[in-house]
Every structure is written in structure tokens, then in C-alpha cells.
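# Okay, predicted coordinates and the sequence, questions at the end:
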Amino acid sequence: MTEILVGLSSAILAGGAGFYASKITNREKTKRKRRRV
């Protein structure tokens, strides 16, 4: 049971980190677009 919980928690953390990273990249892209305009 503990191994399954650890796997799930690690997967959730990895997904959250990926989502956060994508948010940062999206912000950088929007900033670049604003600078062009």
C-alpha cells in the first residue's frame, strides 16, 4: 500500500511541476508577444 501511495504522490508532484513549468513558459511567451506589439 505504501509503495502505491508513494507512486501516486510522486506522479501528482511531477504533474504539478510540469503544469507550473508550462505556466511559466506561457507567461514568457505572452511577454514576448506584448513586446512585439
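That came in fine, so what should we check first?

# Any figure for the gap between the residue nearest the centre of the chain and residue 34?
Nearest to the mean C-alpha position of the chain, by C-alpha atoms, centre = their mean, lies residue 19 at 2.1 Å. Distance of residue 19 to residue 34, given as C-beta to C-beta, to the nearest Å: 23 Å. C-beta here means a position set from N, CA and C on the backbone, and glycine is covered the same way.

# Residue 8 too?
For residue 8, the distance to residue 34 equals 39 Å [C-beta to C-beta].

# got it, and residue 3?
47 Å.

# Would you state the helices of the protein in chain order?
Applying DSSP state H to the chain gives helices spanning 2-36.

# got any ranges where the protein has weak pLDDT?
36-37 (pLDDT under 70).

# hmm, try it at 90
1, 4, 8, 15-18, 20-21, 24, 26-37 (pLDDT under 90).

# Pull the number of nearby residues for residue 22.
Counted with other C-beta atoms under 10 Å, the neighbours of residue 22 add up to 10.

# Tell me how far it lies from residue 3.
According to C-beta to C-beta, residue 22 stands 29 Å off from residue 3.

# ditto for residue 15
19 Å.
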